[in-house]
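Asker: Predicted model and sequence below, questions to follow.
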Amino acid sequence: MYNPFPYDDPRPVNRPHILAEVVESVVCGSLNSAKSLAARVESLRNANPGKSVILAFDGYATAEWQEMINLLSQQLAGKGILLEQKNYLDNLKEEEEINNMIDPLLEWDREKDPTLLYGKIFRGGYEALLDPDKTEAFRSELRKIREGNEGKVVVVYGNGCLIPANMQLFDLKLYFDVTPKESILRIRRGQYVNLGQKEARPANQIIRRCYYADFEMAVNLRRSLLRECALDYYVPSDKPGNLQLVPMSSLKEIFTSMASYPFRAKPVYLEGVWGGTYVKKLRNLPADMRNCAWVFDLIPMEVSIVVEVGRNKVEFPFQTFFMTASEEVMGKKCADKFGGYFPIRFNYDDSYHSTGNMSVQCHSNEKYNRENFDELGRQDESYYVVEAGHDAKTFIGFRDDADVDQFIKEIKIADKEYKPVDYMKYISYEESRPGLQVMIPAGTVHSSGRNQVVLEIGSLTIGSYTYKLYDYLRPDLDGIPRPIHTYHGERTVARDRTTTWVRNNIVQKPRIARSGEGWSEVIVGESPLLYFSLRRLEFEKEIEDNTNGKFHVLTLVDGEKIRIRSKQHPERYFDAEFMDMVVVPSTIGEYVVENLGVEPIRVHKTMLKDGFENE
């Protein structure tokens, strides 16, 4: 997610039942949060006269501490208490030494990676960035403060201060979380430099290093802190002036309640050179948005969750919620198989009334990702056509008569010499129509053509390994020619997936899975090459289903409005409108989908295949 549009969609709000005591415990607003925290500090001092109180402010990459520190300092000063501040990042190694650890993991060869997008994961963690002598002196100083009787109040702030080796040094531990979209926007606003850097690199280089290092370290530490309930307070910190203070026990209760309801994530919207107008009109997106190419409705690493807590709304990254409730949401087999990652991702590609097609592209498989990027997951995809205009096409596979070697040769020349390629001579396509399901196993050449909206569903991909093979020689929205990735594309594209193979294997005729009076469930796509099953629920009034220990994701692709509710607990429901995506957690079991409108309903359903754990 390199360039999200700065827009907060107000609609996707989840309203699970939250206990009254939990609602009362959540403090909203930066000043109120500082007052509450100051009262807690004073309580600790009064309980242990003469003893010092040491706070730790850790957080996700791009987290900002100064607002809370300043307000806390004001509150304590009013009580005659001085707040002493210590920047944990002063303990880092020198910039050159850190660069020598991380930069070699990043790709710098523009022949392989024209935009310097790729790299390998830094596995050292925050610990590897610390200078041993500085860190020992820091810990020794804090131990002396703890053992003394000066009654100090000290705040240590900075990414990584809550690593396991430091935990015993602190009396109060706070984690300042930031949603993925806001993290990227802060980088682009010039509010962040990479850990260990004195000066900012170009924004895209900061983001790349964040992806392979800064974000990776933050995600791993956040996971352990949440799973071990090692925090005193969780601080949603996207909005200056509205920091919130959530006790760890209350956060767990909120997440537990969330996992017992169908729920929806908060989308992220992105402009693109081939972007369309359909979603922009449907969801009333801002007028100054040039178009809407991608809608990240449920990309686990990119979206957030909004929960209504009393009169307030609390927002947190999807991954933060998921790290603590993965088994409840996915089911035990799935949690064991995918290591706590949500295994399927969902978004829309909107080229409706646009100026052109998506690029001709392919993606890499798990073996290639591990060997080249030290990355988990593979990039299988699928397209379900939700809306199609005149002459819309879905490009998939090579033509039976295509000379793939010649195609590769021509796209390389096009990239260097700016010569157009007659891609239609090589790439096969299906005429698009609403309801068309196309599966795209890793390696399959493909593109979503202009004038349609597709629901894209893909496998677990932590990163994005999209190799553009041909992009019609067009510039991007910034006026710079779009990069072509022939190095990786040539090595990953499946040359034998031609029209005949495609129509025999990955473009299937729908078949009935089950049916009854006024309803049916249809399999629209299932392949040994994908670990998920693609289905469609068709009904007039309602249909019943059962998660059977596996999560489902439902998307209303035709109709006005539906209610997805637990059969055992009908008060646990979510009302979805056209094109909304809803997760039905595994723990819900039997559930009902009701038609709240007058039109017949079509709901796209995605689930893990039976036996997925053995693939």
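Answerer: It's in. Residues are numbered from 1 along each chain as shown.
Asker: Might you report the residue contacts of Ala392?
Answerer: If you count contacts by C-beta atoms under 8 Å, 6 or more residues apart in numbering, Ala392 has them with 385, 431-432, 449-452. Just so you know, the C-beta spots here come from the backbone N, C-alpha and C atoms, and that holds for glycine as well.
Asker: how close does it get to Ile427?
Answerer: As judged by C-beta to C-beta, to the nearest Å, Ala392 and Ile427 stand 15 Å apart.
Asker: Same check on His363?
Answerer: Counting by C-beta to C-beta, the separation of His363 from Ile427 is 15 Å.
Asker: okay, the two: which has more neighbours?
Answerer: His363 (28 against 24; other C-beta atoms under 10 Å).
Asker: Backbone dihedrals for the more buried one, please?
Answerer: phi -130, psi 160 (degrees, to the nearest 10).
Asker: do the same with the one 10 residues further on
Answerer: Dihedral pair for Phe373: phi -130, psi 0, per degrees, to the nearest 10.
Asker: Leaving out sequence neighbours, find the closest residue to it.
Answerer: Lys120 (5.6 Å; C-beta to C-beta, 6 or more residues apart in numbering).
Asker: what about that neighbour, neighbour count?
Answerer: Count around Lys120 with other C-beta under 10 Å applied: 16.
Asker: Run through the protein and note the low-pLDDT ranges.
Answerer: 1, 462-463 (pLDDT under 70).
Asker: who's sitting farthest from the centroid in it?
Answerer: What lies farthest from the middle of the chain is Asn149; by C-alpha atoms, centre = their mean that is 46.4 Å.
Asker: Tell me the secondary structure of that residue, please.
Answerer: Following DSSP: H, G, I helix; E, B strand; the rest coil, Asn149 is assigned to coil.
Asker: buried subset of the contacts of Ala392?
Answerer: 385, 432, 449-452 (16 or more other C-beta atoms under 10 Å).
Asker: ok, Ser73 touching Lys79?
Answerer: No. Using C-beta atoms under 8 Å, Ser73 is not in contact with Lys79; the gap is 11.1 Å.
Asker: From the contacts of Ala392, which land in strands?
Answerer: 385, 431, 452 (DSSP state E).
Asker: Just send the residues you listed back as CSV, with distance to Asn505 too.
Answerer: Listed next are the ones in strands among the contacts of Ala392 as CSV, based on distance: C-beta to C-beta, whole Å:
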residue, distance to Asn505
Val385, 18
Glu431, 18
Gln452, 22
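Asker: show me where the stretch 401-550 of the chain has strands.
Answerer: 427-431, 437-440, 446-448, 452-459, 466-470, 511-516, 519-525, 532-539, 542-546 (DSSP state E, counting those that start in this stretch).
Asker: wait, I meant the stretch 101-250 of the chain
Answerer: 153-157, 172-177, 233-236, 244-247.
Asker: closest one to Val279 among the ones you listed?
Answerer: Closest approach to Val279 among the strands of the stretch 101-250 of the chain is made by strand 233-236 (26.7 Å; C-beta to C-beta).
Asker: and that closest one, how far out from the chain's middle?
Answerer: Relative to the mean C-alpha coordinate of its chain, strand 233-236 is positioned 19 Å out (C-alpha atoms, centre = their mean, to the nearest Å).
Asker: again, but for stretch 605-615
Answerer: The answer for stretch 605-615 is 21 Å, by C-alpha atoms, centre = their mean.
Asker: going forward, begin numbering at 59 instead of 1
Answerer: Taking 59 as the first residue, the last one we looked at is stretch 663-673.
Asker: how far does that stretch stretch from start to finish?
Answerer: With C-alpha to C-alpha, to the nearest Å applied, stretch 663-673 spans 21 Å between its terminal residues.
Asker: Stretch 67-79 now?
Answerer: OK, stretch 67-79 end separation, C-alpha to C-alpha: 29 Å.
Asker: cool, stretch 655-673 as well?
Answerer: 40 Å.
Asker: and if you look at stretch 551-560?
Answerer: 14 Å.
Asker: which parts of it are buried?
Answerer: For stretch 551-560, by 16+ other C-beta under 10 Å, it's 551-552, 555-557, 559-560.
Asker: quick one on the thing from earlier: and the residue nearest to Phe431, how close does it get to Asp161?
Answerer: Taking C-beta to C-beta, one finds Lys178 at 11 Å from Asp161.
Asker: Out of the buried residues of stretch 551-560, which sit inside helices?
Answerer: Among the buried residues of stretch 551-560, the members found in helices (DSSP state H) are 557, 559-560.
Asker: got a list of what the residue nearest to Phe431 touches?
Answerer: Lys178 touches 163-164, 270, 431-433, counting by C-beta under 8 Å, 6+ apart.
Asker: Report the buried members of these.
Answerer: 163-164, 270, 431, 433.
Asker: Spatially nearest residue to Ala121 (excluding sequence neighbours)?
Answerer: Closest to Ala121 by C-beta to C-beta, 6+ apart is Phe234, at 4.0 Å.
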